[in-house]
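**Student:** For reference, the sequence and a predicted model appear below.
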Amino acid sequence: MADPRDPRPLIGEPLSLDLLNTRWRTTVAEDLLDSLAGYRIWLSSAGLADRCAADEAGLRATLAARSALAEAGPAAEDRREAELAPLNEVLGHGRLIRRLTPAGPEEAVEVDAPEWLAAWLAADDYLALLGRGAQRIKRCAHPSCVLYFHDISQNGRRRWCSMAVCGNRTKAARHYVKVNGG
């Protein structure tokens, strides 16, 4: 559940996109992760507050993951190895352990240092989204919006992070031009 203190315009996307969406624009560029307090809010909104410490080391690792995700982009197959290296470096800090227990299958994440847990989970989530279809990872079509979303619409044609905000802005601008002749 999203933290009520979270000021971002788009919350609740898959973890990797939610991390990318910690940067957004209002009248100025905003960054939720510009402080430990903001990092704490993001961990809470992402459901990670009980698993990850909101400390400087974790914030640095999470910022590295955000930068790596932004550099890799949704079309990883169009990227050079150098552009993918930062994301692979983040992924190198952890692994998924699967095993069968008497209670059934179990998965556990193991990271080389606790501060990498949130970063690794976001990077791993991105791989999962890519595996389900890179074309469903989209950046909002509004020219001034920098937010990402996972398009789960049936036909895969969603264009806006939020129809109520960015979609409406575009429609209103189009209507203004039509009514006022340019």
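**Tutor:** Structure received. Computed from a predicted model, the values in this text were never measured in an experiment. Residues are numbered from 1 along each chain as shown.
**Student:** any weak-confidence spans in this structure?
**Tutor:** Residue ranges of the chain with pLDDT under 70: 75-77, 167-179, 182.
**Student:** Please, where are all the strands along it?
**Tutor:** 23-25, 29-31, 94-101, 104-111, 137-139, 148-150 (DSSP state E).
**Student:** For L69, find the nearest of these.
**Tutor:** With Cβ to Cβ as the measure, strand 148-150 is the member of those nearest L69 (9.0 Å). Just so you know, the C-beta spots here come from the backbone N, C-alpha and C atoms, and that holds for glycine as well.
**Student:** mind listing what that closest one pairs with, with the direction of each?
**Tutor:** strand 137-139 (antiparallel) (DSSP bridges).
**Student:** Near the residue nearest to H142 when sequence neighbours are not counted, how many other residues are there?
**Tutor:** Computed as Cβ to Cβ, 6 or more residues apart in numbering, the closest residue to H142 that is not its neighbour in sequence is C166, at 3.7 Å. For C166, the count of nearby residues is 21 (other Cβ atoms under 10 Å).
**Student:** Return the distance of C166 relative to R66.
**Tutor:** To R66, C166 is 21 Å away according to Cβ to Cβ, to the nearest Å.
**Student:** try L20
**Tutor:** 6 Å.
**Student:** now E56
**Tutor:** From E56 to R66 the distance is 15 Å (Cβ to Cβ).
**Student:** can you check G181 too?
**Tutor:** 43 Å.
**Student:** picking that back up, was I right to think the residue nearest to H142 contacts W160?
**Tutor:** Yes: here C166 reaches W160: they are 4.3 Å apart, a contact under Cβ atoms under 8 Å.
**Student:** what is in contact with these two at once?
**Tutor:** C140, A141, H142, C145 (Cβ atoms under 8 Å, 6 or more residues apart in numbering).
**Student:** Pick out the most distant pair among these.
**Tutor:** Among these, A141 and C145 lie farthest apart (Cβ to Cβ), at 7.9 Å.
**Student:** overlap in contacts of those two?
**Tutor:** Common contacts of A141 and C145 (Cβ under 8 Å, 6+ apart): W160, C166.
**Student:** Tell me which of these two has more neighbours.
**Tutor:** A count of neighbours by other Cβ under 10 Å puts C145 above the other of A141 and C145, at 20 against 13.
**Student:** That one - nearest residue in space that isn't next to it in sequence?
**Tutor:** C166 (5.1 Å).
**Student:** For L96, see how far away that neighbour is.
**Tutor:** 35 Å.
**Student:** again, but for A128
**Tutor:** 11 Å.
**Student:** And for I137?
**Tutor:** Distance from I137 to L96, counting by Cβ to Cβ: 21 Å.
**Student:** These two: who's more crowded?
**Tutor:** Between I137 and L96, counting by other Cβ under 10 Å, I137 is the more crowded of the two (23 against 10).
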